[in-house]
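Visitor: Provided below are the primary sequence and the corresponding predicted coordinates.
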Amino acid sequence: MEWEVVIGLEIHVQLSTKTKIFSGASTAFGAEPNTQACAVDLALPGTLPVFNENALRMAVLFGLAVNAEIGKRSVFERKNYFYPDLPKGYQTTQLAEPIVGPGYIDIETDEGVQRRVGLHHAHLEEDAGKSLHEDFHGMSGIDLNRAGTPLVEIVSDPDMRSSKEAAAYARKVHAIVTTLGICDGNMAEGSMRCDCNVSIRPKGQEALGTRTELKNINSFRFIERAIDTEVARQIDLIEDGGTVVQETRLYDPDKNETRSMRSKEEANDYRYFPCPDLLPVVIDDDYIEAVRATLPELPDARRARFTSEYSLSEYDAGVLSAYRAQADYYEQVVKQCGDAKLAANWVMGELAKFLNQNDTDIKDSPVTADQLGGLLVRIKDNTISGNIAKKVFELMWSKGGSADEIIEAEGLKQVTDTGAIEKIVDDVIANADKQVEQYKAAEPDKRGKMLGFFMGQVMKATGGKANPGAVTGILKQKLDALCD
Amino acid sequence: MFDKTLAELAQGLERGDFSSTELTQAYLQRINALDSQYNSFITVTEEQALAQAKAADEARATGNTGALCGLPIAHKDLFCTQGVRTSSASKMLDNFISPYDATIVSRLKNAGTVTLGKLNMDEFAMGSSNESSFYGPVRNPWGTDRVPGGSSGGSAAAVAARLTPAATGSDTGGSIRQPAALCGITGLKPTYGRVSRYGMIAFASSLDQAGPMARTAEDCAMVLNAMAGFDPMDSTSAERDSEDYTAGLNQPLAGLKIGLPKEYFSAALDAGVAEQVRNAVAEFEKLGASVKEVSLPNTELCIPAYYILAPAEASSNLSRFDGVRYGYRCENPVDLEDLYKRSRGEGFGTEVKRRIMVGAYALSAGYYDAYYNKAQQIRRMIQQDFVAVLNDVDVIMGPTTPQTAFKLGEKSSDPVSMYMEDIFTLSLNLAGLPGISIPCGQTNGLPVGLQIIGNYFAESKLLNVAHQFQQATDWHKQTPAGLEV
């Protein structure tokens, strides 16, 4: 039987507010456990929440970026369940009246499949703390630093039909929230976490199959792998005569398998009800328009502009616009060097290579956009060759400093003086009788390929600094003269 | 000295008749000598009180004093008080020393009051007799075999026994007014949102409201002046300017329109109580007020609606008491579920557990619409009833409770008859309206409370009406038999 895969995603995005959603404690990542948990976060008796208006603004900004209806009245509710890292015994979240209503996000996979994914809604809620089960001699430790960090949970419709589409959707959400500046996008630190609802149905069937929910997947690659694994499991199960059970499953990336966490029967009755400590959040058109006025250029628009303004390929434009910091960096490099294609090659090539190797975010790149632009200027004005530029870039990365400083200090300036090059060419030719004879013996139309040897010798003699164009011209002229 | 009102004590301090330290020492000695009869204090904070009194005397010496500077007061034990056990009268919080002050505690401290200690109450403010306290029942100074009412029973008994000139209380369904009535004192439940809830251990968030309890309306006005006002830490706190609640006390009552809800004078009302309330209304007519019968047709629905909504909120509010971060934790839990079950099972008392279960049931899947949503609809109907009547009259009057103080143990085995105690009071919590209970007579030697209900934020009007009654009568000056003052 031919199966159709149906996927919906719930993505939790940590908002980059300075303080928590309902308290004044800092949200910064990585502090000593429980040093960023105030009386409200600890749920001390008598404490009350006060809603952080900046979280509201960010949620509205997101809603506007995904063409969604904005809830002019949204209501926080309590989701009641017991867990040690949930200090109040309930999570404050939104259910019946969320801040962001239906909208959509357009995606495109690497294979070029385009799809409009419906956004069911997005709501504001608070993050829980963390339970730490190691190093406590059989007990658990609780770190409440994360408790109360604002989240927007973005719930898609079940509109995706492959793991690749799911990953493309998640990438798009990542691009949008980082472009909006409402999330740092750091998936390794949990700033963006993804739950995938996966089901299969016979192709052509309208009714949805029973879904399973894959929890807390924190990389785009794992989204694809977890879904592929789960889809294969479901197909095997059904084709062997079994049925899929509605349950929550955990993806284990090490074993590349999903396993059951809890079934629907074991699920909590969350006893939602409107939080009586918080008033309904009521906003008007003026508020929404004021937020709209702060919308930056969104990834789709930027990508379109990159193809038109910079004549980039669809692929290059897509990669460069996917992450705001990278797009900003790229545009700054273009501004400095005036060559969009060269800038694209370097940002996606050498720079990306170094960032990956050193696990560094482009925002923290030791080589700034202005510095990289300065380097590319020196390629364009023939001060250095592309190969030398890579050497310069490496030094800029490791030691710091501008391209000009390094070129000067290391004496890497390209030799363009024809007299000097001619002298070196003469020496090379004088010491390569055998190769000169071969050159002379070759058919004229094959001789071009034979210049490589001589070019290598000249470069060796000049430490790579000779201008390759000039060397080629002089070599050709002198060797051809010997053939006459 | 112990028969002086807060206002009279303030004058004594002002005149230099005594210092705050002398006054504080005298009250501490009296608590020490007499409270074993009433059990109204859970914690006496002698050291802090004397330090605050000393500071108040020093402030007075520099001329830097407000109206409450140096005056003793005590707090119901659900107001978080920094460095002091704040138990909510529960085993669950017997070991909880609050690291912070509730907003009203810090406001009253800043006003220069001296905190004598923390007052007994029903566990987590759930009860109408003060019998559910982990620290044992409070006894009514008008008869120690009788309950003081609840949940602010310790506050009412302590004021009635002259162990403190004033106290704070909280009122979720009548918890200030009912014990005030049963102990013959004055207690005001302000409009929801008038007084900050920050630092007040929550029972039912949409109904809880803190207020003053003292012997007179004037004293309540003085204390409310310090308590009331917008608090950015409480999102449900009303963004309104503060007012001076003592300023309008002396307005004459000529032309005041009083409504008497016919539903409040039904057969269930004790005849003696009814008579005293009617006498009090007649006194108001003498003061120039006019009286008419009004109707609050949904009065009967208050109790079922309240006993859905309050437990529903409580079931969630009390989830934080899980034995994980503070408070009671069971011995040697074998796993997480055991930790939860036994910590909560052993830490909470019977009435608290009953309400948690009722509330969790009312919110559970499949029952939410039938219970919680229906109760919210009734709540809106009750509110509309009041709004309609208060468009027509200035204040509504009636009995605070259906009967006077009952005996310990009399209702504790019958929760529903206990819940009926609050039939006249809890509708105000559902509507969010202010109400004051003042002593208005006695029957069989026990005080009767008159409840006066006003429009939203009409605390000044209520205090004015109550004060004028107290100028004309002396029911608020009555002393329990045998009490030395």
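Guide: In hand now; what should we look at?
Visitor: buried sites along the helix or strand of chain B with the lowest mean pLDDT?
Guide: The least trusted helix or strand in chain B, going by mean pLDDT, DSSP states H and E, turns out to be helix B:415-420, with a mean of 82. Buried residues in helix B:415-420, counted by 16 or more other C-beta atoms under 10 Å in any protein chain shown: B:415, B:418-420. Backbone N, C-alpha and C define where each C-beta goes, glycine included.
Visitor: try stretch A:386-402
Guide: A:388-389, A:391-393, A:395-397, A:402.
Visitor: thinking again about what came up before, and the two most separated of the buried residues of helix B:415-420?
Guide: Greatest spacing in those, by C-beta to C-beta: B:Pro415 and B:Met420 (9.9 Å).
Visitor: turn the buried residues of helix B:415-420 into JSON lines, including distance to A:Asp361.
Guide: Formatted as JSON lines, these follow (distance: C-beta to C-beta, whole Å):
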{"residue": "B:Pro415", "distance to A:Asp361": "61"}
{"residue": "B:Met418", "distance to A:Asp361": "63"}
{"residue": "B:Tyr419", "distance to A:Asp361": "61"}
{"residue": "B:Met420", "distance to A:Asp361": "66"}
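Visitor: from those residues, pick the one nearest chain A.
Guide: B:Tyr419 (20.7 Å; C-beta to the nearest C-beta).
Visitor: how much space between the closest one and B:Gly150?
Guide: 12 Å (C-beta to C-beta, to the nearest Å).
Visitor: overlap in contacts of those two?
Guide: Counting by C-beta atoms under 8 Å, 6 or more residues apart in numbering or on different chains, the residues touching both B:Tyr419 and B:Gly150 are B:Ser128.
Visitor: for the stretch 201-350 of chain B, what lies in contact range of chain A?
Guide: With C-beta under 8 Å from any C-beta of the partner chain as the criterion, the stretch 201-350 of chain B meets chain A at residues B:201-202, B:204-206, B:232-236, B:312-313, B:315-316, B:318-322, B:324-326, B:336, B:340.
Visitor: filter the residues you listed down to the buried ones.
Guide: Taking 16+ other C-beta under 10 Å as the criterion, what is buried in those is B:201-202, B:204-206, B:233-236, B:312-313, B:315-316, B:318-322, B:324-326, B:336, B:340.
Visitor: buried ones in the longest helix along chain B, by neighbour count?
Guide: Longest helix of chain B, by residue count under DSSP state H: helix B:20-38. Neighbour-count burial for helix B:20-38 flags B:20-25, B:27-28, B:30-31, B:34-35, B:38 (criterion: 16+ other C-beta under 10 Å).
Visitor: could you say what helices and strands the helix or strand following that helix packs with?
Guide: As assigned by DSSP states H and E, the chain's next helix or strand after helix B:20-38 is strand B:41-44. When contacts are defined as 3 or more C-beta pairs under 8 Å, 6 or more residues apart in numbering or on different chains; DSSP states H and E, strand B:41-44 sits against helix B:20-38, strand B:114-119, helix B:153-160.
Visitor: switch to 6 Å and redo it
Guide: Contact partners of strand B:41-44 among helices and strands, from 3 or more C-beta pairs under 6 Å, 6 or more residues apart in numbering or on different chains; DSSP states H and E: strand B:114-119.
Visitor: now, the buried residues of stretch A:386-402 that are in helices?
Guide: Among the buried residues of stretch A:386-402, the members found in helices (DSSP H) are A:388-389, A:391-393, A:395-397.
Visitor: tell me the SS of A:Phe453?
Guide: Put simply, A:Phe453 is helix when judged by DSSP: H, G, I helix; E, B strand; the rest coil.
Visitor: now for it, how many residues are close by?
Guide: 15 (other C-beta atoms under 10 Å in any protein chain shown).
Visitor: A:Asn382 too?
Guide: Look at A:Asn382: counted by other C-beta under 10 Å, it has 13 neighbours.
Visitor: tell me if it really is in a helix.
Guide: No - A:Asn382 is assigned coil when assessed by three-state DSSP, not a helix.
Visitor: roughly how far apart are A:Val291 and A:Ile200?
Guide: For A:Val291 relative to A:Ile200 (C-beta to C-beta), the value is 40 Å.
Visitor: picking that back up, residues making contact with the longest helix of chain B?
Guide: B:41, B:44, B:46, B:49, B:53-54, B:56-57, B:70, B:72, B:114, B:116, B:139, B:144, B:157, B:161, B:163 (C-beta atoms under 6 Å, 6 or more residues apart in numbering or on different chains).
Visitor: same question, stretch A:324-331
Guide: Residues outside stretch A:324-331 that contact it (C-beta under 6 Å, 6+ apart) are A:178-179, A:302, A:320-321, A:347, A:362-363, A:369.
Visitor: just the buried subset of the residues you listed, please.
Guide: Of the contacts of stretch A:324-331, these count as buried by 16+ other C-beta under 10 Å: A:178-179, A:302, A:320-321, A:347, A:362, A:369.
Visitor: and which of these is nearest chain B?
Guide: Comparing the buried ones among the contacts of stretch A:324-331 against chain B with C-beta to the nearest C-beta places A:Thr178 closest, at 30.8 Å.
Visitor: checking the nearest residue to the closest one once chain neighbours are set aside next. Helix, strand or coil?
Guide: Excluding the flanking residues, the one nearest A:Thr178 by C-beta to C-beta, 6 or more residues apart in numbering or on different chains is A:Gly185, at 4.1 Å. Secondary structure assignment for A:Gly185 (three-state DSSP): coil.
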